[in-house]
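Peer 1: Compute the structure for the input listed below.
(one chain, ligands or ions: 1)
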Amino acid sequence: MWLNIKSFEEYNQIYNQSETDRLKFWEHEAGTFYWRKSWDNVHSGGFEKGDIKWFEGGKLNITENALDRHLNTIGNKTAFIFEPNHPDSFRRTITYRQLYDDVCRFSNVLQEKGIQKGDRVCIYMAMTPELIISALACARIGAVHSIVFAGFSAQSLAERIQDCDAKMLITNDGLRRGDKHVPLKDISDEALKSCPTVKNVIVCQRTNRDIDWVEGRDEWWHMLIRNASKVHKAVEMDAEDPLFILYTSGSTGKPKGVLHTCGGYMVYTSYTFRNVFQVSEEDVYWCTADAGWITGHSYIIYGPLFNGATGVIFEGVPNYPDAGRFWEVVEKYRITHFYTAPTAIRALMSYDIKYVQKYDLSSLKVLGTVGEPINEEAWHWYNDHIGGGRCPIVDTWWQTETGGIMISPLAGITPTKPGFATLPLPGIFPVLMDENGKEIQGNGVSGNLCLKYPWPGIARTVWGDHERYLKTYMTSYKGYYFTGDGCRRDPEGYYRITGRVDDVLNVSGHRLGTAEIENAINEHPNIVESAVVGYPHDIKGQGIYAFMICENDPNDPVAFKKEIHNLVTKIIGPIAKPDLIQIAPGLPKTRSGKIMRRILRKVAAKEAEDMGDVSTLLDPAVVEEIKGGKAY
Ligand code: PRX
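Peer 2: As a prediction, this is how the structure comes out:
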């Protein structure tokens with residue numbers, strides 16, 4: 001029997017059970033899947049050594065649970081509705097049977113190209129069904145997919161390919177996002193100049209623009225798939241074999257390749273999807289994320305497919321052709337479950353309400369948010385204008401590393417509170433830590449958010465750098481997983497995530513490291529040093545504020561900002577462009593040479609009156625100069 005919580009009473013009861021016997025709880029959940037062979041050991045390892053394992057010895061292929069298992073029961077049900085960037089372009093629906101056939105064909109293609117179990121395949125594509133087919137085909141043959149968001153630059157793509165030594169790249173000729181064209185194949189060609197491990201490139205046609213072609217390396221998707229057989233036997237995997245790598249930013253250094261494995265990730269995404277969203281058979285679920293982020297992996301691809309749900313693949317953006325785009329799609333497909341990011345809600349709130357009122361949103365039953373804290377104003381707008389006051393909002397807190405949702409209301413079950421992710425899912429045990437590394441007991445308290453016990457969906461390592469995995473998550477608080485987030489537990493025991501406590505920014509729900517952006521800025525010949533901080537931004541949640549020391553003061557700061565933008569776009573991608581830059585005579589440094597970012601954050605947030613103690617600075621005068629400076 002699938003664990004399907006139906007009342008708040010039941011939630012409390014199951015939560016308590018999961019605490020009494022964690023392993024039995026997860027074993028019960030895992031037992032609902034199709035395993036070729038059951039596991040030898042439910043769980044071993046822990047945070048101390050970072051050697052976490054779940055369902056070891058269990059043999060499976062995750063796509064048999066996402067696809068094969070459904071063929072006899074819901075083969076003709078729609079798995080995905082594809083909604084293209086422009087509402088007048090070709091749209092289509094794909095049944096579970098068709099998706100299965102396509103995944104089998106493409107699995108055969110990949111194997112014919114020599115891709116084997118354990119090989120890494122990079123996917124850099126538009127949000128189309130072929131992206132999802134590519135990922136599932138990798139999983140079916142045991143290759144490790146690494147999806148790179150198709151907004152990253154050639155250099156970022158190259159770094160990700162190099163880090164995991166990918167053997168193949170799957171891309172499109174190009175894509176359209178809103179009114180912009182992104183030449184994916186040109187960007188890929190540029191990246192591949194420094195990626196000798198990539199022997200094959202498969203190009204899926206999307207824009208039909210002219211592209212360069214490397215004979216012997218590049219092949220068209222449609223040519224390869226044409227004669228491929230739709231009979232394919234999935235490769236047997238161990239529960240702990242790698243499923244995918246997804247790069248995400250940390251507080252230092254380059255983005256890290258977070259690795260998830262087959263069994264635990266499967267169990268966890270399926271369990272969380274079913275219980276958080278409470279999707280029933282005839283519902284139409286739409287998560288607006290891009291598959292290039294973890295939300296797309298867990299709640300567009302895997303979680304919904306395990307549960308036989310009907311989902312939407314949306315290629316577009318919220319404000320193209322106009323600000324009614326989301327609501328037009330909701331009306332068109334009678335969407336019942338709608339899951340998006342607070343930044344999109346805030347952006348759409350700023351337009352005339354007529355864009356909402358034009359459409360019939362009566363099909364909606366459940367609303368969700370993810371990726372960043374939601375402010376109360378946005379929560380109420382979402383609740384009143386989109387949900388008509390009758391749809392529960394699930395504010396889902398989780399991370400790339402957690403694999404799936406950790407703290408969230410269960411739709412229609414957990415009483416909600418604006419701005420609160422509310423309560424942990426059964427099987428999840430959050431704790432708040434004080435400065436001395438001790439658990440803070442009781443309610444009405446704040447601290448750093450940690451997790452006390454491993455859960456099946458936790459990332460197993462950082463690709464190629466297990467030390468970094470241990471250092472980032474398991475060293476700050478011995479014996480716990482540290483999330484990097486600050487959190488408040490209110491008098492009722494409800495959790496409110498207050499944001500990152502490290503040097504990670506959350507810009508429009510996208511995770512960026514300050515060090516990454518600084519490194520890009522520092523490539524400019526006129527930059528001596530830079531320091532990037534976040535500041536409150538009405539729509540993006542956090543904006544990027546860059547302080548920079550220049551060799552020669554630029555006489556036209558606006559033109560200089562453009563140069564910095566171009567550089568950051570080239571090195572990382574447009575999402576990392578600073579919103580504001582300030583040329584500074586120096587940076588506030590301690591005697592040991594560390595930048596005191598707290599001061600810069602205050603200046604950026606326009607809270608510079610109250611600077612706190614600056615006596616440890618090498619040159620306190622620099623603070624006054626920065627306070628008096630101008631941002632562009
Ligand atoms: O700071 C938290 C924030 O997003 C971070 C994780 O980012 P990423 O790995 O890119 O995953 C985003 C999608 C799961 C967290 O450390 N965050 C995520 N969800 C919420 C949130 N902050 C507040 N409320 C949330 N619901």
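
Peer 1: and this protein, which residues reach the ligand?
Peer 2: Counting by CB under 6 Å from any ligand atom, the chain comes close to the ligand at 248, 294-295, 370-373, 395-400, 421, 483-485, 497, 499-500, 506, 511. The way it works is simple: take the backbone N, C-alpha and C, and place the C-beta from them, glycine included.

Peer 1: just for the chain, where's the confidence low?
Peer 2: Applying pLDDT under 70 to the chain flags residues 1-2.

Peer 1: what helix or strand is Tyr545 on?
Peer 2: strand 541-550 (DSSP states H and E).

Peer 1: The very next helix or strand once past that strand vs strand 541-550, what angle?
Peer 2: Of the helices and strands lying after strand 541-550 in sequence (DSSP H and E), the nearest is helix 557-571. Interaxial angle, helix 557-571 versus strand 541-550 (axes from the mean of the first three to the mean of the last three CA atoms, to 10 degrees): 110 degrees.

Peer 1: Just the buried residues of helix 557-571, please?
Peer 2: For helix 557-571, burial by neighbour count (16 or more other CB atoms under 10 Å) applies to Pro557, Phe560, Lys561, Ile564, Leu567, Val568, Thr569, Lys570, Ile571.

Peer 1: In CSV: these, plus distance to Thr197.
Peer 2: Formatted as CSV, the buried residues of helix 557-571 follow (distance: CB to CB, whole Å):
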residue, distance to Thr197
Pro557, 42
Phe560, 38
Lys561, 37
Ile564, 32
Leu567, 27
Val568, 27
Thr569, 26
Lys570, 23
Ile571, 21
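
Peer 1: which residues touch Ile335?
Peer 2: Val284, Tyr285, Trp286, Val312, Val329, Ser363, Leu364 (CB atoms under 8 Å, 6 or more residues apart in numbering).

Peer 1: quick one: it and Leu364, what's the gap?
Peer 2: From Ile335 across to Leu364, the span is 6 Å (CB to CB, to the nearest Å).

Peer 1: Please apply the same query to His466.
Peer 2: 44 Å.

Peer 1: Equivalent analysis for Leu617, please.
Peer 2: Counting by CB to CB - Leu617 and Leu364 are separated by 53 Å.

Peer 1: and what of Ala459?
Peer 2: Ala459 is 33 Å from Leu364, by CB to CB.

Peer 1: Neighbour count for the two, which is higher?
Peer 2: Ala459 (28 against 21; other CB atoms under 10 Å).

Peer 1: residues near Asp502, how many?
Peer 2: Neighbour tally, Asp502, other CB under 10 Å: 18.

Peer 1: List the residues that contact the closest residue to it other than its chain neighbours.
Peer 2: Excluding its sequence neighbours, the residue lying closest to Asp502 (CB to CB, 6 or more residues apart in numbering) is Ser251, at 4.2 Å. Counting by CB under 8 Å, 6+ apart, Ser251 makes contact with Gly484, Asp502, Asp503, Val504, Gly513, Thr514, Ala515.

Peer 1: now do 7 Å
Peer 2: With contacts defined as CB atoms under 7 Å, 6 or more residues apart in numbering, Ser251 is in contact with Asp502, Asp503, Val504, Gly513, Ala515.

Peer 1: State the distance from the residue of the stretch 51-200 of the chain found nearest the ligand to Asp290.
Peer 2: Of all residues in the stretch 51-200 of the chain, the one sitting closest to the ligand is Phe149 (10.6 Å; CB to the nearest ligand atom). Between Phe149 and Asp290 the computed distance is 6 Å (CB to CB).

Peer 1: Determine the residues that are contacts of both of these two.
Peer 2: By CB under 7 Å, 6+ apart, no residue touches both Phe149 and Asp290.

Peer 1: and the residue nearest to Thr616 when sequence neighbours are not counted, backbone torsions?
Peer 2: With CB to CB, 6+ apart as the criterion, Thr616 has its nearest non-adjacent residue at 5.3 Å, and that residue is Thr590. For Thr590, the backbone dihedrals (degrees, to the nearest 10) come out as phi -80, psi 170.

Peer 1: show me where the stretch 201-350 of the chain has strands.
Peer 2: 218-220, 237-238, 242-248, 256-261, 284-287, 310-314, 337-340 (DSSP state E, counting those that start in this stretch).

Peer 1: Show me what the fifth one is packed against.
Peer 2: Read that as strand 284-287. In this structure, strand 284-287 makes packing contacts with strand 310-314, strand 337-340, judged by 3 or more CB pairs under 7 Å, 6 or more residues apart in numbering; DSSP states H and E.

Peer 1: need these in CSV with mean neighbour count, can you?
Peer 2: Below are the helices and strands packed on strand 284-287 laid out as CSV (neighbours: other CB atoms under 10 Å):
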stretch, mean neighbour count
strand 310-314, 24
strand 337-340, 25
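
Peer 1: Just send those strands back as TSV, with distance to Leu410 too.
Peer 2: Converted to TSV, these look like this (distance: least, CB to CB, whole Å):
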stretch	distance to Leu410
strand 310-314	19
strand 337-340	13
